[in-house]
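J.: The sequence and its predicted three-dimensional model are supplied below.
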Amino acid sequence: MPARRDPILVIQCAALGHDFLLRENAGDEIEGLRFRPVRSVFPAVTCAVQASFRTGEPPAGHGMVGNGFYSREFARAFFWEQSSALVGGPRIWDAFRASGGTVGVLFWQQCLGADSDVLLSPAPIHKHHGGMIQDCFSRPAGLYGELVKKVGRPFNLAHYWGPRASVKASSWIVEATVEVMRAPAPDLLLTYLPHLDYELQRSGPDSKSAARTFGELKALLGRLLSSARERGYKVIVFGDYPIVPVERAVHPNRALLEAGLMSVRDIRGMAYPDLYTSRAFAVVDHQIAHVILRDEGDAAEVTGVLGKLPGVARVLDADGKRELRIEHPRSGDLVLVAVPDAWFAYPWWRDRKSAPDYATHVDIHNKPGYDPCELFWGRWPLSVSTDASRIRGSHGLAADDPTATWATDLDLGDDPGSIVGLSRALKRLLDEGGRA
């Protein structure tokens, strides 16, 4: 049996790009860790990156082709679903656990039902007549209740997403992570700091607000790293993708509707998508969009309509999807890639009166696409904005140059080059150093 190694803490910092870090930090070191550039995956969005890190495979291998995907069987888009079974393939820690190592996963997407020893993830209960009971799923079952007592407050989902999303979400996760490192103290612990992403989408990566928010992130990293060292943990810190400044939203579904390729249903004057009869529609996700075709014979016509939209850089066919390692059955028949200063918005309507009811609400499961407008308040109480022009930052593009970032105090050998390479380097270390 291999000799036991020090426990390892993995910290994922949403939207921490390497160039952004260098500019805001005036150097490449934080708390003695030297950050280096690393390539992300395509698409460079949360669920795809996290799944790649857990499996050491690109989206073509594990199937998380974005933060959501279209199910042909259900004829609907599914976004932010949390079942671990959605991520295909073995996890990088399987052999490590089989040799006696313990693993904890805190606040990573698609982790419910995961084969890990410690687990913590938001799992609210939606009430029959509206409203929500906030709660977190945990393993062991009583862990969340214990953490609420130790942290001094429950986790507030409104701080995790929506107009009130803020550093408060990351602060709670940091304190919970500190407590988990004390007990049950898994040998490998993965945690997630999300709040930089919110502000960079709202105000852009070059704003004063972005600089302030980075300062908050740096302070939270200091707290985590200090506690990790006290508990004997080695660390890996990585930023999953950079946020780039954007100036315009692209509306592929409007173009498809106006070309007669997308269908809608009139429900009390509101235009709801008819995904059963639409010849084509786009499931948008930041700077990419999966285009679903009812008949593959429409590919040339749809490409002609969408390819000429200002803000569309590429329309990927089967060859393009293979090139970017997203050739999975969940991918769209075509995949749109935006130019760097544009992002894809899901609305198909132009008249606000035609907007579906969910357009003015935080509704991450019913909207057939990611909606960053949910980060802003709307025109009347308890509504969110529908003004796509307010978005100043986005992400998701593939980059030949390494634009994400990472740091560690472990000896991982050669520079991993990519987040997939970083994951595989960690797997090799785990396989070599299971518990005695």
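T.: Noted; the coordinates are in hand.

J.: pLDDT averaged over stretch 155-164 - what is it?
T.: Here stretch 155-164 scores 96 as its mean pLDDT.

J.: Now do that stretch: distance to the chain's middle.
T.: In terms of CA atoms, centre = their mean, to the nearest Å, the centre of stretch 155-164 is found 15 Å from the chain centre.

J.: Quote the end-to-end distance of that stretch.
T.: One end of stretch 155-164 to the other measures 13 Å (CA to CA, to the nearest Å).

J.: how about that stretch: buried residues?
T.: Across stretch 155-164, burial judged by 16 or more other CB atoms under 10 Å covers Phe155, Leu157, His159, Tyr160, Trp161, Gly162, Pro163, Arg164. Every residue, glycine included, has its C-beta placed from N, CA and C.

J.: Can you flag which of those belong to helices?
T.: If you go by DSSP state H, the buried residues of stretch 155-164 have nothing in helices.

J.: Need those residues in a markdown table (columns: distance to Gly113).
T.: Formatted as a markdown table, these follow (distance: CB to CB, whole Å):
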| residue | distance to Gly113 |
| --- | --- |
| Phe155 | 20 |
| Leu157 | 20 |
| His159 | 25 |
| Tyr160 | 20 |
| Trp161 | 22 |
| Gly162 | 26 |
| Pro163 | 31 |
| Arg164 | 29 |
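
J.: ok, those vs Ala399, which is closest?
T.: Taking CB to CB as the measure, Ala399 lies nearest Trp161 of the buried residues of stretch 155-164, at 25.9 Å.

J.: Quick check: the closest one vs Pro372, distance?
T.: 10 Å (CB to CB, to the nearest Å).

J.: One more: Ser121?
T.: Counting by CB to CB - Ser121 and Pro372 are separated by 22 Å.

J.: Ala404 too?
T.: Look at Ala404 and Pro372: by CB to CB, they are 20 Å apart.

J.: which of the two has more neighbours?
T.: Ala404 (27 against 22; other CB atoms under 10 Å).

J.: so what's that one up against?
T.: For Ala404, the contacting residues are 16-18, 37-40, 44, 238-242, 419, by CB atoms under 8 Å, 6 or more residues apart in numbering.

J.: now do 10 Å
T.: Neighbouring residues of Ala404 by CB atoms under 10 Å, 6 or more residues apart in numbering: 13, 15-18, 21, 36-41, 44, 49, 238-242, 418-419, 422.

J.: Report the mean confidence score over stretch 331-343.
T.: Here the average pLDDT along stretch 331-343 is 98.

J.: Tell me the buried residues in that stretch?
T.: Ser331, Gly332, Asp333, Leu334, Val335, Leu336, Val337, Ala338, Val339, Ala342, Trp343.

J.: Is it correct that the fifth one is in contact with Phe42?
T.: If I follow you right, that is Val335. Yes - contact status for Val335 versus Phe42: in contact at 9.4 Å, counting by CB atoms under 10 Å.

J.: what are the ranges of the strands in the stretch 251-400 of the chain?
T.: Assigned by DSSP state E, counting those that start in this stretch, the strands in the stretch 251-400 of the chain fall at 264-267, 270-273, 280-285, 288-293, 312-316, 334-338, 342-344, 393-394.

J.: Would you mind finding the most buried of these?
T.: strand 280-285 (a mean of 30; mean count of other CB atoms under 10 Å).

J.: got the angle between it and strand 288-293?
T.: Counting by axes from the mean of the first three to the mean of the last three CA atoms, to 10 degrees, strand 280-285 lies at 160 degrees to strand 288-293.

J.: How far off centre is strand 280-285?
T.: On CA atoms, centre = their mean, the centre of strand 280-285 falls 18 Å from the chain's centre.

J.: Kindly report the same for stretch 337-350.
T.: Centre to centre, stretch against its chain (CA atoms, centre = their mean), the figure for stretch 337-350 is 18 Å.

J.: Put the alpha carbons of it into CSV.
T.: In CSV, the C-alpha atoms belonging to stretch 337-350 read as follows (Å, rounded to 0.1, in the frame of the first residue of the first chain):
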residue,chain,number,x,y,z
VAL,A,337,-19.5,30.7,-31.1
ALA,A,338,-19.6,34.4,-30.4
VAL,A,339,-17.0,37.0,-31.2
PRO,A,340,-15.1,38.1,-28.1
ASP,A,341,-17.2,41.2,-27.4
ALA,A,342,-20.6,39.5,-27.8
TRP,A,343,-22.7,37.0,-25.9
PHE,A,344,-25.9,35.0,-26.7
ALA,A,345,-29.2,36.0,-25.1
TYR,A,346,-32.2,33.6,-25.1
PRO,A,347,-35.2,35.9,-25.8
TRP,A,348,-37.2,35.4,-29.1
TRP,A,349,-39.7,38.2,-28.5
ARG,A,350,-39.3,41.9,-29.1
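
J.: can you pull the pLDDT of the spatially most central residue of the chain?
T.: Closest to where the C-alpha atoms of the chain average out (CA atoms, centre = their mean) is Thr46, at 1.7 Å. At Thr46, the model reports a pLDDT of 98.

J.: Quick check on the contacts of Ala404: which are buried?
T.: The neighbour-count test (16+ other CB under 10 Å) marks 13, 15-18, 21, 37-41, 44, 49, 238-242, 418-419, 422 as buried among these.

J.: quick one on the thing from earlier: any idea which of the buried residues of stretch 155-164 is closest to Asp317?
T.: Nearest member of those to Asp317, counting by CB to CB, is Trp161, at 33.6 Å.

J.: And the closest one, how far from Asp94?
T.: From Trp161 to Asp94 the distance is 31 Å (CB to CB).

J.: Brilliant, that's me finished.
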